[in-house]
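1. Sharing a model that was predicted from the sequence below.
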Amino acid sequence: MTKTARAPRTNARVIPLRRGTTIEMVRLVCPDAAQAARIAESFGLPVLDSDAICDLHQRLISETADALGEGVNERAMQIHLQRIVGSYVGSAHGAGQFYSRAVTEARAATAKLANDTRDEDLDGPVGFESAAQRKREFAAEVGIQAHALRMAAEGAIAAYEHVVGESWKPFERQPEQPGETVSRKAAEVQMAAFG
């Protein structure tokens, strides 16, 4: 009995389409102005002027675009601002995710306090905060930061729309098709011309 030789399998390289972070994703994980105000008042933190943060970042990016205007053509300006706004949105999203994790940890630590039979979660000595209280305060501080970065991203997006004239959307790299080279595509187009 003879064995037939099989060609070794080649594993196709799959490049997943990396979805960009959208402002809607930021809005889902970062506190809005009302929630940030409640957090600030409950924990004795400064209440942020959300509109001022947004307006400042909108002016900052608009003035930057004006300064670059003569040296950068429209398409280059769009690409440049796309990257800048993307970094603001990405930063706000990262802060929002960190805030969400901090809140989850604070809730878990606070829930443990409700169980009277656990000694390790009880309040510390008089004059010291409990671990749960420290986690709640940390989550509050991170929440205010996430809100501030959200407002900066909102301002950056408003500036992009003002300068470019269209809504900002995250850059998404199209997946590369293995085997689809320029010469192969050109050959297909040329052969299609023959009918």
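-> Yes, it's here.
2. Quick check: mean pLDDT of the biggest helix by length in the chain?
-> Taking DSSP state H as the assignment, the helix of the chain that covers the most residues is helix 74-113. The predicted model assigns helix 74-113 a mean pLDDT of 94.
3. So for the helix or strand following that helix, what gets flagged as buried?
-> On the C-terminal side of helix 74-113, the nearest following helix or strand under DSSP states H and E is helix 131-164. Within helix 131-164, the residues that qualify as buried by neighbour count (16 or more other Cβ atoms under 10 Å) are 131-133, 135-137, 139-160, 163-164. For every residue, glycine as well, the C-beta is placed using N, CA and C.
4. which parts of the longest helix of the chain are buried?
-> Buried-residue list, helix 74-113, by 16+ other Cβ under 10 Å: 77-78, 81-82, 84-86, 88-93, 95-96, 98-100, 102-103, 105-106, 109-110.
5. Check the secondary structure at residue 47 for me.
-> Assigned with DSSP: H, G, I helix; E, B strand; the rest coil, residue 47 falls in the coil class.
6. Please state the backbone phi and psi of it?
-> Note on residue 47: backbone dihedrals following degrees, to the nearest 10 are phi -80, psi 120.
7. Help me confirm that it comes into contact with residue 35.
-> No. Contact between residue 47 and residue 35 fails when scored by Cβ atoms under 8 Å: they sit 11.9 Å apart.
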